[in-house]
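J.: Sequence plus predicted model, see below.
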Amino acid sequence: MNFRTIILVAITAVFSNIATAQEGLPIYTDYLTDNYYLIHPSMAGIANCSKVRLTGRQQWFGHDDAPKLTTLSVNGRIGESQSAIGGIVYADNNGYHSQKGAYLTYAHHLMFSRSEADLNMLSFGLSAGFIQYQLDETTFLDGTPIPDPIIDGVVQNETNFNVDLGFSYHYLDFYAHGTVKNLLNNSGVNSDLEITSNLRRYLFSVGNVFSRFGSDWSYEPSVMFQYRDLTKESSIDFNGKVYKEMEYGKLWGGASYRQSLDGAEYLDGSSVNSQKLNQVTGIIGANYNNYMFAYTYTYQTNPIVFTSGGFHQITLGYNFGCRRKKYACNCPAVN
């Protein structure tokens, strides 16, 4: 691997929001595939159905050790109560780094409206779980006559406990979410605790669903902002989705644009340049009875990238234990 390739790999790792072995569950755009529970614990059991969602994400097809992510989540109400539970397991691989994790969630939903005809609900959620980080250094010293003192040449493992805390508010067709992820400090597999101890990340989402009375079409613009506490990095997602009611269920699609608010410098010959993350994602999905399918494709528009290929993701879902639709609102995440 030549020096230019090393630089490209490093830059791409920064700008594609790939979680290194310390980040916990990565934040991509899979939350837009009827999967807000992945990033906001307060969304557990919010819907009138219990939900199972399986996602698979693959980046840079044809490249060895390319990043890939698999998640499996389930959430639903506890009987007819206002409480809900959920669980997430995931596996994330990125070159020499990998991580596996599992979370359990408890959420509670408070109704403020006088009846179920109008939606006015505040929700709180708490997720707690374990994350196992792994760094494979077994090939780092191959052919090196003098061992590097900072490389052990083994597979390093570390398991940590952490907590996510969040809230959601739904009022008719409007919603807002806020979540603090990785609330606790921990160590990770890197010996530099100042880098790995603080993994705290703040997420804020807001959106609204618009539709004409009696129309089969509805439109959902939304925004998500995320901020990393230690590195002071931030980014924002601008999203738009369209829904079409069908006899058998629902067709939907949309687009998302992610813009980093921070740049990173890279060496271009003898000069130093800077660029910010820019990603465009297309989404298409369908609900058929109790089944859901979605496909997303993400393309990075930056001039300096590892490869011109995009990032593919498939989401499969199943709804069960469904109750009647209660609320007179255009609220696909709830009804």
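T.: Cool, the structure landed.

J.: mind listing what the residue lying closest to Y219 once chain neighbours are set aside touches?
T.: Sequence neighbours aside, F210 is the residue nearest to Y219 in space, at 4.9 Å (criterion: Cβ to Cβ, 6 or more residues apart in numbering). For the C-beta atoms, the positions are set from N, CA and C on the backbone; glycine is no exception. Taking Cβ atoms under 8 Å, 6 or more residues apart in numbering as the criterion, F210 is in contact with D173, S218, Y219, E220, P221, N330.

J.: what's the most distant pair in the residues you listed?
T.: P221 and N330 (12.5 Å; Cβ to Cβ).

J.: Have a look at the two and say which one is more surrounded.
T.: N330 (19 against 14; other Cβ atoms under 10 Å).

J.: which non-adjacent residue is nearest that one?
T.: In space, N330 comes closest to V209 once its chain neighbours are excluded; the distance is 4.0 Å by Cβ to Cβ, 6+ apart.

J.: can you check S274 too?
T.: Counting by Cβ to Cβ, 6+ apart, G263 is the residue found nearest to S274 once chain neighbours are left out, at 4.2 Å.

J.: sec struct for that neighbour, please.
T.: Look at G263: counting by DSSP: H, G, I helix; E, B strand; the rest coil, its state is strand.

J.: Surely it touches S235?
T.: No. Between G263 and S235 there is no contact under Cβ atoms under 8 Å: 11.5 Å.

J.: Give me the more crowded residue out of the two.
T.: Applying other Cβ under 10 Å to G263 and S235 shows that S235 carries more neighbours, namely 20 against 13.

J.: can you pull out the strands in this protein?
T.: Applying DSSP state E to the chain gives strands spanning 50-59, 68-77, 83-94, 97-111, 120-136, 155-171, 174-181, 201-208, 217-228, 234-245, 249-268, 271-288, 291-300, 311-320.

J.: Counting neighbours, what do you get for A117?
T.: A117: 10 neighbours (other Cβ under 10 Å).

J.: re the thing from before, can you say which of the strands of the chain is nearest to M43?
T.: strand 155-171 (5.8 Å).

J.: Show me what the closest one is packed up against.
T.: Strand 155-171 sits against strand 120-136, strand 174-181, with contacts defined as 3 or more Cβ pairs under 8 Å, 6 or more residues apart in numbering; DSSP states H and E.

J.: Of those strands, which shows the lowest average pLDDT?
T.: Lowest mean pLDDT within those: strand 120-136, at a mean of 91.

J.: Adjacent strands (with direction) for that one?
T.: Applying DSSP bridges, strand 120-136 is found paired with strand 97-111 (antiparallel), strand 155-171 (antiparallel).

J.: Save those as TSV, and put in mean pLDDT too.
T.: Listed next are the strands paired with strand 120-136 as TSV, based on pLDDT from 0 to 100:
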stretch	mean pLDDT
strand 97-111	93
strand 155-171	89
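
J.: Turn these into TSV, columns for distance to S205 and mean neighbour count.
T.: Output for the strands paired with strand 120-136, formatted as TSV (distance: least, Cβ to Cβ, whole Å; neighbours: other Cβ atoms under 10 Å):
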stretch	distance to S205	mean neighbour count
strand 97-111	16	19
strand 155-171	9	18
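
J.: residue contacts, the nearest residue to M121 once chain neighbours are set aside?
T.: Closest residue to M121 apart from its sequence neighbours, by Cβ to Cβ, 6+ apart: H170 at 4.8 Å. Shown in contact with H170 (Cβ under 8 Å, 6+ apart): I46, L119, N120, M121, S123, C331, V334.

J.: Got a PyMOL select line for the buried ones in those residues?
T.: Buried residues among the contacts of H170 (16 or more other Cβ atoms under 10 Å), as a PyMOL selection:
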select buried, resi 46+119+121+123+331+334
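
J.: Go through the contacts of H170 and name the one nearest K241.
T.: The closest of those to K241 turns out to be C331 (Cβ to Cβ; 12.8 Å).

J.: And the closest one, what's its pLDDT?
T.: 86.
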